[in-house]
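>>> I would like the atomic coordinates for the input below:
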Amino acid sequence: MDRPKLNHGRLTELDALRGIGALCVLIFHYSTRFHELFPQAAHVPFSFPGGNYRVLLFFTISGFAIFFTLDRIGTVADFMVNRFARLYPAYLVAMLLTLAVEYLAHATQLLIGPVAILANFTMLQGFAFLPEVDGAYWTLTVEIAFYFCMISIWKFAGTRRLEPLLAGWLLLRWLYWIWPDMPERIIMLLVLRYTPFFVIGMLAYRCWRGERSLRQQAPYAALALLSIATMETWDVTLVGVVLLAAFTALINGKLRFLRVQPLIWLGGISYSFYLIHQHVGFVIMLEMARAGYSPWIGFAAAFAVALLLGTAINRLVERPAGEAILAWWKRRRTARMLIPGVTPSQT
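Below you'll find the predicted structure:
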């Protein structure tokens with residue numbers, strides 16, 4: 001299909017992919033990662049190393065979904081408020097809950113120092129090379145850097161002719177490959193470790209919206225895969241191929257079989273679920289093991305608590321707080337526009 005139809009509706013399959021990613025991350029952390037951190041504790045008798053690829057799925061989804069925000073903002077401030085409303089309230093509550101559980105359980109192996117905790121309140125701890133309250137938060141540093149890159153492109157170049165800029169971004173990634181001493185903060189800020197995966201999502205979105213055809217995007221998709229193949233291991237290259245195929249199928253309506261309500265529901269709470277599941281789950285599995293319960297019961301209990309807390313944070317914090325912040329920002333912008341001499345670009 002060379003000229004996809006213009007699309008405007010919600011892609012429930014995207015939520016389902018988020019749900020799959022959330023399941024993969026939980027299984028990886030509760031099996032492989034738990035055993036790595038606590039080798040003496042009883043654990044489920046299997047490993048799920050492939051779950052570590054789940055972040056690449058999340059980054060590809062982010063590349064696709066970033067335009068849901070960029071396409072409806074008017075200023076950089078709009079973008080910053082939108083992203084703050086989306087990320088911070090749930091993050092703050094999940095972080096405080098995680099800290100409370102760790103301290104109450106005396107989980108010293110999971111605790112970090114007071115300076116690092118204070119840095120975590122900013123969500124920018126990764127850029128200062130400080131540890132996270134929960135190890136899963138490292139991906140938020142990547143996401144924030146990606147937001148910086150995208151709002152810079154939106155502000156200074158626009159997205160109308162996006163693909164040449166994406167090609168330049170991929171070429172810059174090769175500079176990182178041949179310059180091993182490139183400063184780490186530059187690598188982080190330009191998300192050079194994960195650029196191709198974000199690019200795959202962005203290329204797919206442009207097709208889905210009818211702004212570009214698959215044939216037009218093919219050279220840029222090939223460049224993204226070449227970037228992965230030349231700089232990563234064969235298994236990561238295979239993941240890149242699978243993600244490209246999956247998102248091509250997505251925009252052509254071939255993933256409708258994923259419209260399974262449990263997956264869509266899990267995708268809907270996936271951010272809050274992701275924020276709360278890891279260290280809280282580890283503490284529960286450790287306590288269940290100390291009490292003599294089967295590791296399978298510990299696994300199930302941790303899973304159930306993660307679902308419960310993830311749902312609660314999503315329903316009670318993430319959604320209402322985000323909506324309230326955006327409503328406040330809309331009222332503020334409207335009020336300022338009514339002031340003589342103040343234009344929208346000044347707000």
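
>>> what's the mean pLDDT across stretch 33-45?
With pLDDT averaged residue by residue, stretch 33-45 scores 90.

>>> for that stretch, how far is the first residue from the last?
With C-alpha to C-alpha, to the nearest Å as the measure, the first residue of stretch 33-45 is 13 Å from its last.

>>> what does it rub up against?
Applying C-beta atoms under 8 Å, 6 or more residues apart in numbering, the external contacts of stretch 33-45 come out as 30-31, 47, 109, 135, 278, 281-282, 285-286, 289, 294-296, 298-299. Heads up, the C-betas are built off the backbone N, CA and C, glycines and all.

>>> now name the helix or strand holding the nearest residue to P262 once chain neighbours are set aside.
For P262, the nearest residue in space outside its immediate sequence neighbours is G19; the separation is 7.4 Å by C-beta to C-beta, 6 or more residues apart in numbering. Using DSSP states H and E, the element containing G19 is helix 12-28.

>>> please pull up the helix or strand immediately following that helix.
Towards the C-terminus, the helix or strand next in line after helix 12-28, according to DSSP H and E, is helix 34-37.

>>> shaky segments in the protein?
By pLDDT under 70, the weakly predicted segments of the chain are 1-10, 50-52, 340-347.

>>> from the centroid of it, which residue is nearest?
When the chain is reduced to its mean C-alpha position, the closest residue under C-alpha atoms, centre = their mean turns out to be F58, at 4.9 Å.

>>> how far does stretch 62-79 sit from its chain's centre?
Averaging C-alpha coordinates over stretch 62-79 and over its chain gives two centres that are 15 Å apart (C-alpha atoms, centre = their mean, to the nearest Å).

>>> same check, this time on stretch 126-133
When C-alpha coordinates are averaged (C-alpha atoms, centre = their mean), stretch 126-133 and its chain have centres 17 Å apart.

>>> residues in contact with it?
Applying C-beta under 8 Å, 6+ apart, the contact partners of stretch 126-133 are 95, 98-99, 112, 115-117, 119-120, 125, 137-138, 140-141, 184-185, 188-189, 279.

>>> CA atoms only: put the host helix or strand of L140 into CSV for me.
Counting by DSSP H and E, the element that carries L140 is helix 138-156. Output of helix 138-156 as CSV, limited to C-alpha atoms (Å, rounded to 0.1, in the frame of the first residue of the first chain):
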residue,chain,number,x,y,z
TRP,A,138,16.1,4.9,34.0
THR,A,139,13.9,4.9,30.9
LEU,A,140,12.4,8.2,31.9
THR,A,141,15.8,9.9,31.4
VAL,A,142,15.7,8.6,27.8
GLU,A,143,12.2,9.7,27.3
ILE,A,144,12.9,13.2,28.7
ALA,A,145,15.9,13.5,26.4
PHE,A,146,13.7,12.4,23.5
TYR,A,147,11.2,15.1,24.3
PHE,A,148,14.0,17.7,24.3
CYS,A,149,15.1,16.6,20.9
MET,A,150,11.6,16.6,19.5
ILE,A,151,10.5,19.9,20.8
SER,A,152,13.7,21.4,19.5
ILE,A,153,12.9,20.0,16.0
TRP,A,154,9.3,21.2,16.3
LYS,A,155,10.5,24.7,17.3
PHE,A,156,13.4,25.3,15.0
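
>>> hang on, the residue nearest to P262 packs against S270?
Yes: G19 is within contact range of S270, at 6.3 Å (criterion: C-beta atoms under 8 Å).

>>> joint contacts of those two?
In the contact map built from C-beta under 8 Å, 6+ apart, no residue is linked to both G19 and S270.

>>> longest helix in the chain, please.
helix 76-104 (DSSP state H).

>>> output the contacting helices and strands for it.
Applying 3 or more C-beta pairs under 8 Å, 6 or more residues apart in numbering; DSSP states H and E, one finds that helix 76-104 makes contact with helix 54-70, helix 138-156, helix 270-290, helix 295-313, helix 319-337.

>>> and whatever helix or strand comes next after it, what's buried?
Using DSSP H and E, the helix or strand that follows helix 76-104 in sequence is helix 114-120. Judged by neighbour count (16 or more other C-beta atoms under 10 Å), helix 114-120 contains these buried residues: 117, 119-120.

>>> what's the answer for stretch 239-251, then?
Judged by neighbour count (16+ other C-beta under 10 Å), stretch 239-251 contains these buried residues: 239-240, 243-244, 246-248, 250-251.

>>> so which of the residues you listed is the closest to V317?
Within the set of the buried residues of stretch 239-251, L250 lies nearest V317; the separation is 29.4 Å, counting by C-beta to C-beta.

>>> hang on, isn't the closest one packed against T12?
No: counting by C-beta under 8 Å, T12 is not a contact partner of L250; they are 10.7 Å apart.

>>> which of the helices and strands packed on helix 76-104 is buried the deepest?
Mean neighbour counts were compared across these using mean count of other C-beta atoms under 10 Å; the top stretch is helix 270-290, at a mean of 23.

>>> and it, what does it pack onto?
Judged by 3+ C-beta pairs under 8 Å, 6+ apart, the packing partners of helix 270-290 are helix 12-28, helix 34-37, helix 76-104, helix 295-313.

>>> so can I have a markdown table of the ones you listed showing distance to M202?
Shown next, in a markdown table, are the helices and strands packed on helix 270-290 (distance: least, C-beta to C-beta, whole Å):
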| stretch | distance to M202 |
| --- | --- |
| helix 12-28 | 14 |
| helix 34-37 | 33 |
| helix 76-104 | 16 |
| helix 295-313 | 28 |
